[in-house]
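Participant: A predicted structure for the sequence below; I have some questions about it.
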Amino acid sequence: MPLTSIDYPGELAAVVFTQGCAWRCVYCHNPDLLPARGDSEIPWSQIIEFLDNRRGLLDAVVFSGGEPTFQAALPQAIEQVRDMGFKIGLHSAGIYPRKLERLLPLIDWIGLDVKARQADYHLITRTRDSGEAAWHSAELVLASGVPHQFRITAHPDWLDDSDAQWVRQRLLAMGASSVVIQQGRLHG
């Protein structure tokens, strides 16, 4: 996405959508990005060229997906973009806490999705032990001091309003400074 004012709060940014995700969330809004390889991949050199032409016009670059931490080359990509003078944002579901922990010192802001109570995570992600990974990632984000926004998707079929409020209150009690509840959609 060449320009966004909503994917990194307070900054004009470009979004780099990465391919691949290990989870299969029931409400995934980017299902085309789930497979490890996509039908229309953009070469990294073309992204760098685009960003080079946007220096001074954009403030930040947000890595999103799929799940950006799925990509082994993400740390190098972040460092290259940071060296170009851009702030770095990351959208993640916290799938890989160890990878996320290594990335936190390289980023300026993170939007982390928290999908449910730990024990109920698999109902949304269709992946065993996903709640443990995600909640550990939330703890890592809070311990890092990196500015953040935790995002909860509510929908009566997956996470009702009372459960979404429980997740929100739990994150606030853990020290979160920004927690939003968004309404899920079945399509699009």
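Facilitator: Right, received. Where do you want to start?
Participant: Can you pull the phi and psi angles for residue 158?
Facilitator: Main-chain dihedrals, residue 158, degrees, to the nearest 10: phi -120, psi -50.
Participant: same deal with residue 96?
Facilitator: When read as degrees, to the nearest 10, the backbone of residue 96 gives phi -120, psi 90.
Participant: can you pull the contacts of the closest residue to residue 96 other than its chain neighbours?
Facilitator: Excluding the flanking residues, the one nearest residue 96 by C-beta to C-beta, 6 or more residues apart in numbering is residue 69, at 4.6 Å. C-beta: built from backbone N, CA, C; applies to glycine. Applying C-beta atoms under 8 Å, 6 or more residues apart in numbering, one finds that residue 69 lies in contact with 92, 95-96, 99-100, 103.
Participant: In helices only, show me these.
Facilitator: Among those, the members found in helices (DSSP state H) are 99-100, 103.
Participant: If you rank these by neighbours, which is first?
Facilitator: Of all the ones in helices among the contacts of residue 69, the highest neighbour tally under other C-beta atoms under 10 Å goes to residue 100, namely 25 neighbours.
Participant: Next up, the contacts around it.
Facilitator: 69, 92, 94, 137, 140-141.
Participant: Identify those among the residues you listed that sit within strands.
Facilitator: Per DSSP state E, strands hold the following members of the contacts of residue 100: residue 92.
Participant: Put together TSV for the contacts of residue 69, with distance to residue 133 and pLDDT on each row.
Facilitator: Formatted as TSV, the contacts of residue 69 follow (distance: C-beta to C-beta, whole Å; pLDDT from 0 to 100):
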residue	distance to residue 133	pLDDT
92	11	98
95	6	97
96	7	98
99	10	98
100	9	98
103	15	98
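Participant: JSON lines for the residues you listed, including distance to residue 148?
Facilitator: JSON lines is the format used below for the contacts of residue 69 (distance: C-beta to C-beta, whole Å):
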{"residue": "92", "distance to residue 148": "10"}
{"residue": "95", "distance to residue 148": "16"}
{"residue": "96", "distance to residue 148": "17"}
{"residue": "99", "distance to residue 148": "17"}
{"residue": "100", "distance to residue 148": "12"}
{"residue": "103", "distance to residue 148": "13"}
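Participant: Sounds good, over and out.
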